[in-house]
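**Student:** Any chance you could fold what I've pasted below:
(one chain, ligands or ions: 2)
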Amino acid sequence: MMSQIPTVLTIAGTDPSGGAGISADLKTFSALGAFGTVVVTAVVTQNTQGVAAIHQLDGATVAGQLTNLLDDVHVDAIKIGMLGTAEVTRAVAQVLRERELGPIVLDPVMVSTSGHRLLPAAAVEALRDELIPLVDLITPNLPEAADLLGGPEATSVCDMMRQARALAQLCPGVLLKGGHLDGPDSTDLLLIDGRITELDEPRIATRNTHGTGCTLSSAIAALRPRRQTWVDAVRDAKTYLTGALRASEELSIGHGNGPVHHFWRAWPDQPDQS
Ligand SMILES: Nc1ncnc2c1ncn2[C@@H]1O[C@H](COP(=O)(O)OP(=O)(O)OP(=O)(O)O)[C@@H](O)[C@H]1O
Ligand SMILES: Cc1ncc(CO)c(N)n1
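**Tutor:** Ligands and ions are numbered 1, 2, ... in the order given. Got it, this is the predicted structure:
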(Lines give C-alpha, C1' and ligand atoms only; values in the text may rest on other atoms or scores of the structure.)
(Ligands and ions follow the chains in the order given, each with its own letter.)
Protein backbone atom coordinates (compact mmCIF):
# COMPACT_ATOMS: atom_id res chain seq x y z
CA MET A 1 0.00 0.00 0.00
CA MET A 2 1.32 3.45 -0.86
CA SER A 3 1.90 5.52 2.29
CA GLN A 4 -0.05 8.77 2.71
CA ILE A 5 2.95 10.16 4.57
CA PRO A 6 5.59 11.46 2.15
CA THR A 7 9.21 10.46 2.74
CA VAL A 8 11.44 13.49 2.31
CA LEU A 9 15.25 13.62 2.20
CA THR A 10 17.54 16.43 3.32
CA ILE A 11 21.14 16.62 2.12
CA ALA A 12 22.70 19.21 4.43
CA GLY A 13 25.10 20.14 7.25
CA THR A 14 24.64 20.05 11.04
CA ASP A 15 23.85 22.73 13.64
CA PRO A 16 24.24 21.79 17.33
CA SER A 17 22.08 24.77 18.35
CA GLY A 18 19.13 23.18 16.56
CA GLY A 19 18.18 26.13 14.37
CA ALA A 20 19.62 25.54 10.91
CA GLY A 21 20.74 22.71 8.63
CA ILE A 22 19.47 19.18 9.22
CA SER A 23 17.96 20.14 12.62
CA ALA A 24 15.69 22.71 11.00
CA ASP A 25 14.91 20.35 8.12
CA LEU A 26 13.90 17.35 10.25
CA LYS A 27 11.77 19.50 12.60
CA THR A 28 10.03 21.03 9.60
CA PHE A 29 9.37 17.64 7.99
CA SER A 30 7.85 16.31 11.24
CA ALA A 31 5.76 19.42 11.89
CA LEU A 32 4.34 19.14 8.37
CA GLY A 33 3.54 15.44 8.67
CA ALA A 34 6.34 14.09 6.46
CA PHE A 35 8.89 11.35 7.30
CA GLY A 36 12.43 12.75 7.26
CA THR A 37 15.61 11.04 6.05
CA VAL A 38 19.13 12.55 6.11
CA VAL A 39 22.43 12.63 4.23
CA VAL A 40 25.08 14.65 6.11
CA THR A 41 27.58 16.78 4.17
CA ALA A 42 29.48 18.58 6.94
CA VAL A 43 29.72 18.72 10.73
CA VAL A 44 29.52 22.42 11.55
CA THR A 45 30.61 23.83 14.91
CA GLN A 46 28.11 26.65 15.23
CA ASN A 47 25.67 28.22 17.65
CA THR A 48 23.22 31.12 17.48
CA GLN A 49 26.16 33.56 17.48
CA GLY A 50 28.09 32.19 14.54
CA VAL A 51 30.17 29.46 12.91
CA ALA A 52 33.42 28.44 14.67
CA ALA A 53 34.59 25.53 12.49
CA ILE A 54 33.56 23.21 9.67
CA HIS A 55 34.51 19.54 9.38
CA GLN A 56 33.72 18.80 5.75
CA LEU A 57 32.93 15.28 4.52
CA ASP A 58 34.39 14.23 1.16
CA GLY A 59 32.42 13.64 -2.03
CA ALA A 60 32.65 9.82 -1.88
CA THR A 61 31.28 9.75 1.70
CA VAL A 62 28.33 11.95 0.78
CA ALA A 63 27.61 10.07 -2.46
CA GLY A 64 27.94 6.77 -0.55
CA GLN A 65 25.29 7.79 2.01
CA LEU A 66 23.02 8.95 -0.79
CA THR A 67 23.23 5.85 -2.99
CA ASN A 68 22.98 3.55 0.02
CA LEU A 69 19.77 5.30 1.12
CA LEU A 70 18.25 5.49 -2.36
CA ASP A 71 18.98 1.81 -3.07
CA ASP A 72 16.68 0.97 -0.17
CA VAL A 73 14.23 3.83 0.41
CA HIS A 74 11.93 5.59 -2.05
CA VAL A 75 11.95 9.35 -1.39
CA ASP A 76 9.03 11.53 -2.54
CA ALA A 77 10.97 14.81 -2.49
CA ILE A 78 14.50 16.09 -1.78
CA LYS A 79 15.79 19.26 -0.18
CA ILE A 80 19.46 20.10 -0.71
CA GLY A 81 21.10 22.60 1.65
CA MET A 82 24.76 23.18 2.60
CA LEU A 83 27.13 21.15 0.40
CA GLY A 84 30.33 22.89 1.47
CA THR A 85 32.67 22.17 -1.46
CA ALA A 86 32.75 21.84 -5.25
CA GLU A 87 33.71 18.17 -4.77
CA VAL A 88 30.56 17.37 -2.76
CA THR A 89 28.46 19.44 -5.17
CA ARG A 90 29.75 17.38 -8.12
CA ALA A 91 29.32 14.08 -6.24
CA VAL A 92 25.65 14.85 -5.47
CA ALA A 93 25.08 15.98 -9.08
CA GLN A 94 26.52 12.68 -10.34
CA VAL A 95 24.09 10.60 -8.22
CA LEU A 96 21.11 12.76 -9.28
CA ARG A 97 22.07 12.29 -12.95
CA GLU A 98 22.02 8.51 -12.55
CA ARG A 99 18.51 8.29 -11.02
CA GLU A 100 14.94 9.33 -11.74
CA LEU A 101 14.25 11.54 -8.73
CA GLY A 102 12.13 14.52 -7.94
CA PRO A 103 10.86 16.99 -6.99
CA ILE A 104 14.17 18.53 -5.84
CA VAL A 105 14.47 21.88 -4.01
CA LEU A 106 17.97 23.40 -3.74
CA ASP A 107 18.75 26.06 -1.15
CA PRO A 108 22.09 27.33 -2.54
CA VAL A 109 23.63 27.85 0.93
CA MET A 110 26.73 30.05 0.62
CA VAL A 111 26.95 32.28 3.72
CA SER A 112 25.46 31.82 7.23
CA THR A 113 23.14 34.39 8.85
CA SER A 114 26.18 35.49 10.89
CA GLY A 115 28.23 36.13 7.71
CA HIS A 116 30.49 33.02 7.71
CA ARG A 117 31.21 31.48 4.28
CA LEU A 118 29.69 27.97 4.02
CA LEU A 119 30.63 27.45 0.34
CA PRO A 120 33.95 28.76 -1.05
CA ALA A 121 33.51 31.33 -3.85
CA ALA A 122 35.41 28.94 -6.15
CA ALA A 123 32.66 26.30 -5.71
CA VAL A 124 29.82 28.56 -6.92
CA GLU A 125 30.60 27.65 -10.55
CA ALA A 126 30.11 23.90 -9.85
CA LEU A 127 26.82 24.66 -8.12
CA ARG A 128 25.58 26.86 -10.97
CA ASP A 129 26.78 24.74 -13.90
CA GLU A 130 26.48 21.16 -12.63
CA LEU A 131 23.85 20.90 -9.90
CA ILE A 132 21.34 23.70 -10.50
CA PRO A 133 20.37 22.41 -13.99
CA LEU A 134 19.32 19.10 -12.36
CA VAL A 135 16.90 20.50 -9.76
CA ASP A 136 13.32 21.84 -10.00
CA LEU A 137 13.49 24.88 -7.72
CA ILE A 138 16.30 27.03 -6.31
CA THR A 139 15.72 29.29 -3.28
CA PRO A 140 18.55 31.89 -3.17
CA ASN A 141 18.58 34.83 -0.76
CA LEU A 142 19.75 38.18 -2.16
CA PRO A 143 23.54 37.72 -1.63
CA GLU A 144 23.33 34.19 -3.09
CA ALA A 145 21.42 35.46 -6.14
CA ALA A 146 24.12 38.12 -6.67
CA ASP A 147 26.86 35.46 -6.45
CA LEU A 148 25.07 33.15 -8.91
CA LEU A 149 24.54 35.99 -11.39
CA GLY A 150 27.95 37.61 -10.83
CA GLY A 151 26.41 41.05 -10.24
CA PRO A 152 25.29 43.45 -7.50
CA GLU A 153 22.80 42.56 -4.76
CA ALA A 154 19.14 43.58 -5.29
CA THR A 155 18.02 46.55 -3.20
CA SER A 156 14.33 46.64 -4.23
CA VAL A 157 11.51 44.33 -5.32
CA CYS A 158 11.98 45.77 -8.82
CA ASP A 159 15.63 44.58 -8.84
CA MET A 160 14.43 41.23 -7.52
CA MET A 161 12.02 40.85 -10.50
CA ARG A 162 14.92 41.34 -12.94
CA GLN A 163 17.19 38.94 -11.06
CA ALA A 164 14.48 36.26 -10.73
CA ARG A 165 14.09 36.33 -14.54
CA ALA A 166 17.86 36.06 -15.02
CA LEU A 167 18.05 33.12 -12.57
CA ALA A 168 15.26 31.36 -14.49
CA GLN A 169 17.81 30.85 -17.28
CA LEU A 170 19.58 28.45 -14.87
CA CYS A 171 16.63 26.51 -13.42
CA PRO A 172 12.91 26.07 -14.25
CA GLY A 173 11.84 27.24 -10.76
CA VAL A 174 13.23 30.20 -8.80
CA LEU A 175 12.15 31.44 -5.38
CA LEU A 176 14.10 34.65 -4.76
CA LYS A 177 13.88 35.45 -1.03
CA GLY A 178 13.68 39.06 0.10
CA GLY A 179 14.30 38.52 3.82
CA HIS A 180 17.38 40.77 3.64
CA LEU A 181 15.41 43.82 2.43
CA ASP A 182 13.60 46.22 4.81
CA GLY A 183 9.92 47.15 4.80
CA PRO A 184 6.68 46.13 6.51
CA ASP A 185 6.45 42.93 4.45
CA SER A 186 9.04 40.24 3.76
CA THR A 187 8.52 39.69 0.04
CA ASP A 188 9.68 36.65 -1.94
CA LEU A 189 9.27 36.19 -5.70
CA LEU A 190 8.41 32.80 -7.18
CA LEU A 191 9.05 32.31 -10.87
CA ILE A 192 7.68 29.10 -12.38
CA ASP A 193 7.34 28.48 -16.12
CA GLY A 194 7.93 32.17 -16.84
CA ARG A 195 5.20 33.41 -14.46
CA ILE A 196 6.07 35.49 -11.38
CA THR A 197 4.02 35.20 -8.17
CA GLU A 198 4.74 37.77 -5.45
CA LEU A 199 4.51 36.28 -1.96
CA ASP A 200 4.10 38.81 0.84
CA GLU A 201 3.96 38.10 4.56
CA PRO A 202 4.30 40.62 7.38
CA ARG A 203 7.91 41.15 8.51
CA ILE A 204 8.11 39.83 12.09
CA ALA A 205 10.13 41.97 14.51
CA THR A 206 12.38 39.27 15.98
CA ARG A 207 16.07 38.35 16.25
CA ASN A 208 15.12 34.69 15.90
CA THR A 209 15.89 34.34 12.21
CA HIS A 210 18.55 31.58 12.38
CA GLY A 211 17.54 28.90 9.87
CA THR A 212 14.63 30.67 8.16
CA GLY A 213 16.02 29.75 4.73
CA CYS A 214 16.51 26.08 5.74
CA THR A 215 12.99 25.93 7.17
CA LEU A 216 11.40 27.44 4.07
CA SER A 217 13.13 25.13 1.58
CA SER A 218 12.40 22.01 3.64
CA ALA A 219 8.76 23.06 4.10
CA ILE A 220 8.46 23.33 0.31
CA ALA A 221 9.95 19.83 -0.14
CA ALA A 222 7.68 18.40 2.57
CA LEU A 223 4.53 19.93 1.06
CA ARG A 224 5.22 19.55 -2.68
CA PRO A 225 4.13 15.86 -2.90
CA ARG A 226 0.72 16.85 -1.40
CA ARG A 227 0.08 20.07 -3.35
CA GLN A 228 -1.18 20.39 -6.94
CA THR A 229 1.36 23.03 -7.95
CA TRP A 230 4.65 24.62 -6.92
CA VAL A 231 2.78 27.87 -6.24
CA ASP A 232 0.50 26.11 -3.72
CA ALA A 233 3.43 24.35 -2.03
CA VAL A 234 5.56 27.51 -1.77
CA ARG A 235 2.65 29.67 -0.57
CA ASP A 236 1.81 27.20 2.22
CA ALA A 237 5.51 26.79 3.11
CA LYS A 238 5.88 30.57 3.54
CA THR A 239 2.74 30.67 5.72
CA TYR A 240 4.29 27.90 7.84
CA LEU A 241 7.61 29.75 8.16
CA THR A 242 5.93 33.02 9.14
CA GLY A 243 4.01 31.20 11.88
CA ALA A 244 7.23 29.55 13.08
CA LEU A 245 8.93 32.99 13.19
CA ARG A 246 6.03 34.38 15.26
CA ALA A 247 6.14 31.37 17.60
CA SER A 248 9.89 31.83 18.10
CA GLU A 249 8.98 34.48 20.69
CA GLU A 250 8.12 31.52 22.96
CA LEU A 251 11.77 30.42 22.80
CA SER A 252 14.88 31.82 24.42
CA ILE A 253 17.73 29.86 22.85
CA GLY A 254 21.29 31.21 22.91
CA HIS A 255 22.61 34.76 22.87
CA GLY A 256 22.61 35.53 19.14
CA ASN A 257 20.04 34.99 16.39
CA GLY A 258 17.82 32.29 17.89
CA PRO A 259 15.94 29.62 15.93
CA VAL A 260 12.32 29.64 14.78
CA HIS A 261 9.85 27.40 16.63
CA HIS A 262 8.33 24.48 14.71
CA PHE A 263 5.37 23.51 16.86
CA TRP A 264 3.39 26.70 16.64
CA ARG A 265 -0.01 25.12 16.02
CA ALA A 266 -1.60 22.02 14.55
CA TRP A 267 -0.82 22.19 10.85
CA PRO A 268 -3.50 20.65 8.54
CA ASP A 269 -1.00 18.24 6.98
CA GLN A 270 -0.13 16.63 10.30
CA PRO A 271 -1.58 13.14 10.78
CA ASP A 272 -4.81 13.10 12.82
CA GLN A 273 -3.73 12.94 16.47
CA SER A 274 -7.22 12.73 17.98
N1 LIG B 1 11.71 39.09 9.98
C2 LIG B 1 11.07 38.32 9.08
N3 LIG B 1 9.71 38.27 9.10
C4 LIG B 1 9.04 37.50 8.19
N5 LIG B 1 9.65 36.76 7.26
C6 LIG B 1 11.00 36.77 7.20
C7 LIG B 1 11.78 37.56 8.10
N8 LIG B 1 13.10 37.36 7.80
C9 LIG B 1 13.12 36.50 6.77
N10 LIG B 1 11.87 36.15 6.40
C11 LIG B 1 11.49 35.20 5.35
O12 LIG B 1 12.26 34.02 5.63
C13 LIG B 1 12.59 33.34 4.43
C14 LIG B 1 14.10 33.22 4.35
O15 LIG B 1 14.56 34.48 3.87
P16 LIG B 1 16.03 35.04 3.93
O17 LIG B 1 16.15 35.98 2.79
O18 LIG B 1 16.31 35.55 5.32
O19 LIG B 1 16.85 33.69 3.66
P20 LIG B 1 18.25 33.20 4.14
O21 LIG B 1 19.18 34.36 4.27
O22 LIG B 1 18.63 32.12 3.20
O23 LIG B 1 17.95 32.58 5.54
P24 LIG B 1 19.05 32.05 6.62
O25 LIG B 1 19.01 33.08 7.70
O26 LIG B 1 18.50 30.75 7.07
O27 LIG B 1 20.38 31.93 5.94
C28 LIG B 1 11.94 34.18 3.32
O29 LIG B 1 10.65 33.66 3.06
C30 LIG B 1 11.85 35.57 3.94
O31 LIG B 1 10.86 36.36 3.31
C1 LIG C 1 24.38 23.59 8.35
C2 LIG C 1 23.87 24.95 7.97
N3 LIG C 1 23.16 25.08 6.84
C4 LIG C 1 22.68 26.29 6.49
C5 LIG C 1 22.93 27.41 7.26
C6 LIG C 1 22.40 28.77 6.82
O7 LIG C 1 21.62 29.34 7.75
C8 LIG C 1 23.68 27.22 8.46
N9 LIG C 1 23.95 28.25 9.29
N10 LIG C 1 24.13 25.98 8.78
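**Student:** how close does residue 235 sit to residue 258?
**Tutor:** As for residue 235, its distance to residue 258 is 26 Å (criterion: Cβ to Cβ, to the nearest Å). Yep, even glycine has a C-beta here, placed from its N, CA and C like the rest.
**Student:** more neighbours, the two?
**Tutor:** Per other Cβ atoms under 10 Å, whichever of residue 235 and residue 258 has more neighbours is residue 258, with 22 against 19.
**Student:** what's around the residue of the stretch 101-250 of the chain found nearest ligand 2, how many residues?
**Tutor:** As assessed by Cβ to the nearest ligand atom, ligand 2 sits closest to residue 112 within the stretch 101-250 of the chain, at 3.8 Å. Close neighbours of residue 112, defined as other Cβ under 10 Å, add up to 22.
**Student:** Could you find the closest non-adjacent residue to it?
**Tutor:** Once flanking residues are discounted, residue 112 sits nearest to residue 51: 5.3 Å by Cβ to Cβ, 6 or more residues apart in numbering.
**Student:** what helix or strand is the one you found on?
**Tutor:** Following DSSP states H and E, one finds residue 51 within strand 50-56.
**Student:** wait, does that strand make contact with ligand 1?
**Tutor:** No - figure legend: strand 50-56 not in contact with ligand 1 (Cβ under 6 Å from any ligand atom); closest approach 11.5 Å.
**Student:** again, but for stretch 77-86
**Tutor:** No - with Cβ under 6 Å from any ligand atom as the criterion, ligand 1 is not reached by stretch 77-86; the gap is at least 9.3 Å.
**Student:** Helices of the stretch 1-150 of the chain, start to end?
**Tutor:** 21-31, 59-72, 86-98, 124-126, 142-149 (DSSP state H, counting those that start in this stretch).
**Student:** want to throw those into TSV with distance to residue 106, mean neighbour count and mean pLDDT?
**Tutor:** Formatted as TSV, the helices of the stretch 1-150 of the chain follow (distance: least, Cβ to Cβ, whole Å; neighbours: other Cβ atoms under 10 Å; pLDDT from 0 to 100):
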stretch	distance to residue 106	mean neighbour count	mean pLDDT
helix 21-31	13	25	97
helix 59-72	14	16	98
helix 86-98	10	20	98
helix 124-126	13	17	96
helix 142-149	11	20	96
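**Student:** How about the residue nearest to the spatial centre of the chain, nearest residue that isn't a chain neighbour?
**Tutor:** Geometric centre of the chain, nearest residue: residue 217, 3.1 Å, by Cα atoms, centre = their mean. Of all residues not flanking residue 217 in the chain, residue 107 sits nearest, at 3.9 Å (Cβ to Cβ, 6+ apart).
**Student:** shouldn't that neighbour be in contact with residue 212?
**Tutor:** No - in this structure residue 107 lies outside contact range of residue 212 using Cβ atoms under 8 Å: 10.6 Å.
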